[in-house]
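Visitor: Next come a sequence and a model predicted from it.
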Amino acid sequence: MKENLAVRKVNKSDVRRIWEIRNTPEARHFSNSPEEISFSKHNAWFKKRYFLGENNHCFVLEDTTAGGVIGYCRFDFDEDEKGYTLSVALDPVFHGRGLGGLLLKESLAKFSGTKLLLAEIQKNNTPSLKIFQKNGFAVFKEDDKNYYLRNEIEND
């Protein structure tokens, strides 16, 4: 990994930056919830989801030369599937540099235990499809709009 980049667990001071990235037009375009979200709503949801003991995890990609968090990778537990649904987003300024793949790869390495991992990717989001496939995910079904991918990891 480049020396100015680091993937780490999220902390409470990252919440506003994650909200900013999530609300970019590019991120909203590929989201299942494309509407803009207010900071107060995001803040309450994010804190409950990642800091109050729920079985969810979030990692961030930090660029020390650019001044902070430039992307995130969320692992949200899905009780019905008994697995984690992943969501990856990168500040659009950093698109096209291979950083989304780096963020996913490093986040997977930090996520311990044997886990079923799932992703839902819009068919028009070829870059995301490619980075998930490069990291061991395979399409197991599709509909008119999305590909559904899965992977099982085993990390200590």
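Guide: That came in fine, so what should we check first?

Visitor: So in terms of bridging, what pairs with C73?
Guide: Beta-bridge partners for C73, by DSSP bridges, are F59, V88.

Visitor: Would you mind listing the buried residues in the lowest-mean-pLDDT helix or strand in the chain?
Guide: Lowest on mean pLDDT, DSSP states H and E among the helices and strands of the chain sits helix 25-29, with a mean of 87. If you call a residue buried by 16 or more other CB atoms under 10 Å, then helix 25-29 has these buried ones: A27. Just so you know, the C-beta spots here come from the backbone N, C-alpha and C atoms, and that holds for glycine as well.

Visitor: Repeat that for stretch 20-39.
Guide: By neighbour count on 16+ other CB under 10 Å, the buried set for stretch 20-39 is 21-23, 27, 30, 37.

Visitor: With stretch 55-72 instead?
Guide: Judged by neighbour count (16+ other CB under 10 Å), stretch 55-72 contains these buried residues: 56-63, 69-72.

Visitor: what residues does that stretch touch?
Guide: Stretch 55-72 is contacted from outside by 4-10, 14, 17-18, 21, 49-50, 73-77, 84, 87-91, 93-94, 99-100, 102-103, 106-107, 110-111, using CB atoms under 8 Å, 6 or more residues apart in numbering.

Visitor: show me where this structure has helices.
Guide: When secondary structure is read from DSSP state H, the chain shows helices at 15-22, 25-29, 39-51, 99-110, 126-134.

Visitor: Lowest average confidence across the ones you listed, which one?
Guide: Confidence, taken as mean pLDDT, is least for helix 25-29 of these (a mean of 87).

Visitor: hmm, who's touching that helix?
Guide: Contact with helix 25-29 is made by 21-22, 34-36, 89, 92, 95, as judged by CB under 8 Å, 6+ apart.

Visitor: How about stretch 42-50?
Guide: Under the criterion CB under 8 Å, 6+ apart, residues 10, 12, 15-16, 18-19, 22, 54, 56-58, 74, 76 lie in contact with stretch 42-50.
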